[in-house]
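A.B. asks: Mind looking at a prediction? Sequence and model below.
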Amino acid sequence: MRAFNRFYTNLIGALDYSRHLYVPYTLTESRVLYELAHAARTDAADLRAELSLDAGYLSRLLAKFERDGLVERAPSAADPRRQRITLTARGRDAAELLDERSREAVGSLLAEVPAADRARLAAAMRTVREILGGGRGRPHRRGKRADVMLREPGPGDLGWIVQRNAAVYAAEFGWNTDYEGLVARIVADFAEDHDPHLERVWIAELDGRPVGCVMCVRDEAPGTARLRLLLVEPDARGLGIGNQLVTACVEFARGVGYRELTLWTNDVLASARGIYQRHGFVLVSEKPHRSFGVDLVGQDWLLPLHGRPA
């Protein structure tokens with residue numbers, strides 16, 4: 001095991017991470033930025049627990065990030081005794097650069113691996129995680145909520161959003177291809193023209209595969225964002241993934257300065273409606289309509305974001 005550790009840390013450049021990725025951050029600093037960019041919860045206590053960091057060391061690291069204009073610190077809205085950490089626009093740019101360089105590094109590694117061996121490599125990595133992780137990384141029925149990672153979409157993920165929305169809603173509610181066309185237009189509009197500082201997509205990943213998604217985009221009304229396309233795969237439900245995705249969307253919208261967050265849904269989506277209510281969304285209107293080949297009741301929900309700590 002020690003021999004493997006020496007081999008792997010050398011392979012990924014862990015001992016000289018900044019030079020390896022051509023970035024001015026150590027491996028620990030990079031990991032903290034990554035968690036802040038992807039985790040739904042951003043309290044200092046959560047960071048400390050998730051990364052098993054010494055409280056004093058994390059405090060000094062966050063102070064450095066604050067001086068560099070990468071993060072902002074404020075009392076948590078849920079518990080003023082806790083410290084909420086959010087990335088600034090500069091911090092998000094830094095996290096995105098790290099993510100890009102990391103993907104490039106992994107891509108370079110895999111480019112040397114024959115295509116026939118890649119599935120075997122991925123299976124071996126899953127095996128290591130399962131055995132040493134005490135069950136983490138196993139299928140969700142035996143896994144833990146901590147196994148779920150929220151990340152930015154990679155190549156092919158936007159297409160996955162369209163395909164899975166169409167397939168899941170057709171199977172569960174009998175919706176026809178009109179819905180697939182609607183999702184395709186929403187995703188295409190985002191892919192072709194969006195402001196990365198004000199609009200985002202999150203992919204929820206479990207055991208190396210996408211299992212959920214949500215979007216935060218600008219609405220037509222000034223100062224308003226819209227939550228769109230919340231989805232969790234049927235076999236990944238029950239882990240709080242939907243709640244994590246909505247939390248990420250709400251915190252992002254509040255953090256970048258939107259005054260309110262709105263969404264449109266249908267009354268048949270009871271589980272999603274429960275998540276929205278827990279986050280404080282209020283039903284403002286509903287109207288029967290016939291869409292996607294079935295009779296539905298459309299609902300508009302609204303969450304005011306002003307007047308709460310950013």
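C.D. replies: Great, that's in hand.

A.B. asks: Please count neighbours and contacts with C-alpha atoms only from this point.
C.D. replies: Fine.

A.B. asks: Return the list of helices and strands in contact with the helix or strand bottoming out on mean pLDDT in the chain.
C.D. replies: One helix or strand of the chain scores below all others by mean pLDDT, DSSP states H and E: helix 17-21, with a mean of 74. The contact analysis (3 or more Cα pairs under 8 Å, 6 or more residues apart in numbering; DSSP states H and E) places helix 17-21 against helix 89-111.

A.B. asks: returning to what we had before: got a list of contacts for the least confident helix or strand of the chain?
C.D. replies: Where contact means Cα atoms under 8 Å, 6 or more residues apart in numbering, the residues beyond helix 17-21 that reach it are 12, 13, 24, 25, 26, 27, 98, 101, 102, 105.

A.B. asks: The fourth one belongs to a helix, doesn't it?
C.D. replies: Same thing as residue 25. No: using DSSP: H, G, I helix; E, B strand; the rest coil, the secondary structure at residue 25 is coil, not a helix.

A.B. asks: returning to that earlier point: chain center to the least confident helix or strand of the chain: distance?
C.D. replies: 25 Å (Cα atoms, centre = their mean, to the nearest Å).

A.B. asks: same deal with stretch 73-93?
C.D. replies: For stretch 73-93, the distance to the chain centre is 17 Å (Cα atoms, centre = their mean).

A.B. asks: if we can go back for a sec, nearest to residue 209 among the contacts of helix 17-21?
C.D. replies: residue 102 (18.1 Å; Cα to Cα).

A.B. asks: What distance do you get for the closest residue to that closest one other than its chain neighbours to residue 241?
C.D. replies: Residue nearest to residue 102 in three dimensions, not counting chain neighbours: residue 21, with 6.9 Å by Cα to Cα, 6 or more residues apart in numbering. According to Cα to Cα, to the nearest Å, residue 21 stands 31 Å off from residue 241.

A.B. asks: go on, residue 262?
C.D. replies: 20 Å.

A.B. asks: What of residue 71?
C.D. replies: Distance from residue 71 to residue 241, by Cα to Cα: 25 Å.

A.B. asks: quick one, which of the two is more surrounded?
C.D. replies: Neighbours per residue (other Cα atoms under 10 Å) separate residue 71 from residue 241, with residue 241 holding more: 25 against 21.

A.B. asks: list the contacts for that one?
C.D. replies: The contact partners of residue 241, taken as Cα under 8 Å, 6+ apart, are 145, 148, 204, 212, 232.

A.B. asks: Test for you: state the pLDDT assigned to it.
C.D. replies: Note on residue 241: pLDDT of 93.

A.B. asks: Quick check: it vs residue 32, distance?
C.D. replies: 21 Å.

A.B. asks: and stretch 247-266, how far apart are its ends?
C.D. replies: Taking Cα to Cα as the measure, stretch 247-266 stretches 20 Å from start to finish.

A.B. asks: ranges for the strands of the stretch 1-150 of the chain?
C.D. replies: 71-75, 83-87, 149-151 (DSSP state E, counting those that start in this stretch).

A.B. asks: Those strands into CSV, with extra columns for mean pLDDT and distance to residue 48?
C.D. replies: As requested, the strands of the stretch 1-150 of the chain are exported to CSV (pLDDT from 0 to 100; distance: least, Cα to Cα, whole Å):
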stretch, mean pLDDT, distance to residue 48
strand 71-75, 87, 15
strand 83-87, 86, 12
strand 149-151, 90, 17
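
A.B. asks: which regions of the protein sit below the pLDDT cut-off?
C.D. replies: Within the chain, the ranges that satisfy pLDDT under 70 run 39-41, 78, 134-146, 307-310.

A.B. asks: if we go to 80?
C.D. replies: 14-23, 38-42, 50, 76-81, 126, 129-131, 133-147, 207-208, 306-310 (pLDDT under 80).

A.B. asks: can you map out the helices along it?
C.D. replies: 2-11, 17-21, 27-38, 44-51, 55-67, 89-111, 115-132, 157-173, 177-192, 241-255, 270-278 (DSSP state H).
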